[in-house]
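Asker: from the sequence below, what's the structure:
(chains A and B)
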2 protein chains.
Amino acid sequence: MSLIVQKYGGTSMGSPERIREVARRVARFAREGHQLVVVPSAMAGETNRLLALAREVHPEPSPRELDVIASTGEQVSIGLLALALQRQGLEARSYTGWQVPILTDAAYAKARILHIEDSRMRADLAAGRVVIVAGFQGIDELNNITTLGRGGSDTTGVALAAALKADECQIYTDVDGVYTTDPRIVPEARRLSTITFEEMLELASLGSKVLQIRSVEFAGKYKVKLRVLSSFTDVESTDMGTLITFEEEENMEQAIISGIAFNRDEAKITVLGVPDRPGIAFAILDPIAQANIDVDMIIQNASIEGLTDFSFTVHRNEYKRAMQILESKVQPAIGARGIVGDDRIAKVSLVGIGMRTHAGIASKMFGTLAREGVNIQMISTSEIKTSVVVDEKYMELAVRVLHREFALDKEPTLERMTP
Amino acid sequence: MSLIVQKYGGTSMGSPERIREVARRVARFAREGHQLVVVPSAMAGETNRLLALAREVHPEPSPRELDVIASTGEQVSIGLLALALQRQGLEARSYTGWQVPILTDAAYAKARILHIEDSRMRADLAAGRVVIVAGFQGIDELNNITTLGRGGSDTTGVALAAALKADECQIYTDVDGVYTTDPRIVPEARRLSTITFEEMLELASLGSKVLQIRSVEFAGKYKVKLRVLSSFTDVESTDMGTLITFEEEENMEQAIISGIAFNRDEAKITVLGVPDRPGIAFAILDPIAQANIDVDMIIQNASIEGLTDFSFTVHRNEYKRAMQILESKVQPAIGARGIVGDDRIAKVSLVGIGMRTHAGIASKMFGTLAREGVNIQMISTSEIKTSVVVDEKYMELAVRVLHREFALDKEPTLERMTP
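Answerer: Numbering: from 1, shown residues only, chains lettered A, B, ... in the order given. A predicted model of the protein is given here:
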């Protein structure tokens, strides 16, 4: 008998019929003797509907009230799923974030989980009940409702698995695992049966959208066994999706490149003509951090005549706010020549643990893009990824040609692993 | 400076535009220097949408999970109203039932308020904030979410007014006060500028639908000054709706009859051939009470040869459940001959404090209905009301002829008060 945490995404919970299907899947695991904690997302489209309502009432809604509104989507889901499980003859009980409680910090819309009280859940599990916990939400120490940000239900699932020391955290979604890239863009994209935690981290953060990055970080930190599976297979299916592994040795047939991630959720901002002196990066980025805006890529060019250009990317939703902060606070303070930005960009990244030991990956990538006439605007590299920023309109082309060039549609072979 | 609790119903909160209108009205009172606690209902249609979703998943949903789901409607409303008020430049903060907290008993779907913690609200009011509290919901002592039943937001409003010792509780709805009867059925129906608490109690409980009965009971118990007004008048309107008074002297021009209430929310059940012995009423009604089903009218006919028929009415939604309990538990236990029921009935009631001192009201009522060929199935009377149960199809006819017969379309005069 295992303790399994299962998280079901919005499309899995998309309609009463889909919810009944989720209940049948949960019931199958319960019949097999497992203890189950289930974390549903809001029904597909519901969170967007709620946020749109809020923006109709106030174009710049306060984050506190936005979380009050947005968190109702998951609350409806837990009630409906409990009913569906009860109809399957199972004992089931739902809990909101505050009922568990899941304690978070007070950063509305992007709160971080600080502590999960497990006593009530453990009592239910011991009594043979399926426990249902609302994803995406928690409370801060003043009992304000918080949400964990988009995709936060994954984080809830992994955090619950960590708190309960569950045997596995299963993330059910509308895809059946992690692919080398998005099959909607590259039909030859291939499913990976395993992927390392670090690669998954890069793929998630770079926009593969299978898992929220914070959930993967959490899984790595607490060594939660994480599995991505489809909720659209037959309920009795034994397909095991993609397992995220923590040990490189587990993954002997590792390809050089595991996948290609991409997103168009970012915008780039460049502070022009910055005096090149110590503390300037802090002077630019601290006001951004104070406003709770996450920065992704950061690039500073070599200086010419004591002046340099400082570029970074932020989420596209934060673009205007970041520009305002820079123009009103940062530019006058540091005496920069100007601020320019572009929110019509896309980021394309090659990810692979094999990059650590194989040279020439980046230059092969740049050469491939050059042959197709794709201009590279920014470059950033880490041990296991190489990212480029390109004009948004070239994104799909770039992903397709790179997928072909690195032969990601084929199973890795020992031959291909030894260039 | 007064402390005013304002409750806004579902149609008042029916759209972002309506919510902005509510905010403008609240802002007007705030500008006049009043302290404000505002209780919104769920947006019109939202509660029904949620309950329908639940029933799609489970035809007989568990009350606990139903309350988890249903309570989200008001949670969305408080967030949206807070945003609308902030857009008006006011400081506003929303609270769910558990955040206040509003402690209730554990009777899901029809919970009763036990205690309201006022410290957080008082701190906000002292800081100049408008406090917004979700109607209809609370928590029991085990932190389960409860709801107060249909119209429960009125009760929340009055209970908050009592807890905060507010100067007035204003119930905003889509009608501009209490009428002699429903103007949709009798166009000549007239608005009352005042009505006594007791009459209001009878009118509310009998289905005038302006106020939930429990809220009026609460208002009476804690002497909360209650006023019914329209949220569809101009924001600056000084129309003061209908005030519910507690002193008969306040209301010198009281008519004999204040209004006619009616509803088709009930079903009647008759237990046939009951042995007429002590304890039989308890034997029949205790299992119904144990199942948390409210009983309205109760009638026991005189017995013939030691057998009697015992009739009562329940809410139409509880009809099937009550019939099941009677057939499975009560009938075998007491040896009744049979159980019959009818859920196509309507109740029509004359209400008036003047009935106390004026004879002949009931017989005039019965005579009027007889002339129109309306058969009376059940009769029940109290000091200030006379109710009859008739076939549902005669309901509107009965209301119209009684309204005319008792001259409710005309202002009461001293002459008419002295028959």
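Asker: where in the stretch 201-350 of chain A is pLDDT low?
Answerer: A:204-209, A:247-255 (pLDDT under 70).
Asker: how does it look with 50?
Answerer: Residue ranges of the stretch 201-350 of chain A with pLDDT under 50: A:250-252.
Asker: nearest to chain B: which residue in it?
Answerer: For the stretch 201-350 of chain A and chain B, the shortest gap (CB to the nearest CB) falls at A:Ser231, measuring 16.1 Å. No exception for glycine: its C-beta is placed from N, CA and C like everyone else's.
Asker: ok, now which ones touch that residue?
Answerer: Shown in contact with A:Ser231 (CB atoms under 8 Å, 6 or more residues apart in numbering or on different chains): A:Tyr8, A:Gly9, A:Thr11, A:Ser12, A:Arg18, A:Glu21, A:Val22, A:Arg25, A:Tyr172, A:Thr173, A:Asp174.
Asker: can you tell me which of the residues you listed are in strands?
Answerer: Those of those mapping onto strands are A:Tyr8, A:Tyr172, A:Thr173, per DSSP state E.
Asker: so the closest residue to the second one other than its chain neighbours versus A:Asp176, what's the distance?
Answerer: Ranked by CB to CB, 6 or more residues apart in numbering or on different chains and with sequence neighbours excluded, the top spatial neighbour of A:Tyr172 is A:Ser231, at 3.9 Å. For A:Ser231, the distance to A:Asp176 equals 9 Å [CB to CB, to the nearest Å].
Asker: same thing with A:Gly14?
Answerer: 17 Å.
Asker: how about the residues of the stretch 1-150 of chain A by chain B?
Answerer: A:16, A:19-20, A:50, A:53-54, A:56-58, A:61-62, A:64-66, A:68-69, A:71-72, A:75-76, A:78-80, A:82-84, A:86-87, A:93-94, A:96, A:98-99, A:143-145 (CB under 8 Å from any CB of the partner chain).
Asker: restricted to strands, list the residues you listed.
Answerer: Using DSSP E, the residues of the stretch 1-150 of chain A next to chain B in strands are A:Arg93, A:Ser94, A:Ile145.
Asker: just list the residues touching the last one, thanks.
Answerer: Neighbouring residues of A:Ile145 by CB under 8 Å, 6+ apart: A:Arg64, A:Asp67, A:Val68, A:Ser71, A:Gly97, A:Trp98, A:Gln137, A:Gly138, A:Ile139, B:Thr96, B:Gln99.
Asker: tell me, how many residues neighbour the last one?
Answerer: It stands for B:Gln99. Counted with other CB atoms under 10 Å in any protein chain shown, residues neighbouring B:Gln99 total 23.
Asker: state the pLDDT value of it.
Answerer: We have a pLDDT of 98 for B:Gln99.
Asker: got it, and the fourth one?
Answerer: Per-residue confidence at A:Ser71 stands at 97 (pLDDT).
Asker: which non-adjacent residue is nearest it?
Answerer: Of all residues not flanking A:Ser71 in the chain, A:Gln137 sits nearest, at 4.2 Å (CB to CB, 6+ apart).
Asker: skipping its backbone neighbours, what lies nearest A:Phe366 in space?
Answerer: Closest to A:Phe366 by CB to CB, 6+ apart is A:Ile376, at 6.6 Å.
Asker: tell me the spacing between the residue of the stretch 101-250 of chain A found nearest chain B and B:Val131.
Answerer: Residue nearest to chain B within the stretch 101-250 of chain A (CB to the nearest CB): A:Asn143, separated by 5.6 Å. A:Asn143 sits 15 Å away from B:Val131, going by CB to CB.
Asker: so which of the two has more stuff around it?
Answerer: Remark: of A:Asn143 and B:Val131, B:Val131 carries more neighbours, 26 against 15, as counted by other CB under 10 Å.
Asker: in which helix or strand does the residue lying closest to A:Leu103 once chain neighbours are set aside reside?
Answerer: Leaving aside its chain neighbours, A:Leu103 sits nearest to A:His115 (4.4 Å; criterion: CB to CB, 6+ apart). Using DSSP states H and E, A:His115 sits in strand A:113-116.
Asker: mind listing what's buried in that strand?
Answerer: Neighbour-count burial for strand A:113-116 flags A:Ile113, A:Ile116 (criterion: 16 or more other CB atoms under 10 Å in any protein chain shown).
Asker: and if you look at stretch A:104-120?
Answerer: Residues of stretch A:104-120 classed as buried by neighbour count (16+ other CB under 10 Å): A:Thr104, A:Tyr108, A:Ala109, A:Lys110, A:Ala111, A:Arg112, A:Ile113, A:Ile116, A:Asp118, A:Arg120.
Asker: the closest residue to A:Ala283 other than its chain neighbours: neighbour count?
Answerer: Nearest residue to A:Ala283 in three dimensions, chain neighbours excluded: A:Ile334, at 5.1 Å (CB to CB, 6+ apart). As a burial measure, A:Ile334 scores 18 neighbours (other CB under 10 Å).
Asker: now A:Thr72
Answerer: Residues contacting A:Thr72 under the criterion other CB under 10 Å number 28.
Asker: surely it is in contact with B:Thr72?
Answerer: Yes - between A:Thr72 and B:Thr72 there is a contact under CB atoms under 8 Å: 3.8 Å.
Asker: how far does the strand holding A:His115 sit from the chain's center?
Answerer: Relative to its parent chain, strand A:113-116 has a centroid offset of 19 Å by CA atoms, centre = their mean, to the nearest Å.
Asker: check the secondary structure at A:Leu402 for me.
Answerer: Of the three states, A:Leu402 takes helix according to DSSP: H, G, I helix; E, B strand; the rest coil.
Asker: if I pick it, what's in contact with it?
Answerer: So, once contact is read as CB under 8 Å, 6+ apart, A:Leu402 ends up touching A:Ile260, A:Val348, A:Leu350, A:Met365, A:Thr368, A:Leu369.
Asker: a helix runs through the fourth one, doesn't it?
Answerer: Yes - going by three-state DSSP, the assignment for A:Met365 places it inside a helix.
Asker: distance of it from A:Ser387?
Answerer: Taking CB to CB, one finds A:Met365 at 10 Å from A:Ser387.
Asker: higher neighbour count, these two?
Answerer: Taking other CB under 10 Å, A:Met365 and A:Ser387 do not tie; A:Met365 has more neighbours (26 against 22).
Asker: give me the distance between that one and A:Ile257.
Answerer: To A:Ile257, A:Met365 is 9 Å away according to CB to CB.
Asker: so what sits against both of these two?
Answerer: With CB under 8 Å, 6+ apart, A:Met365 and A:Ile257 have common neighbours A:Leu350.
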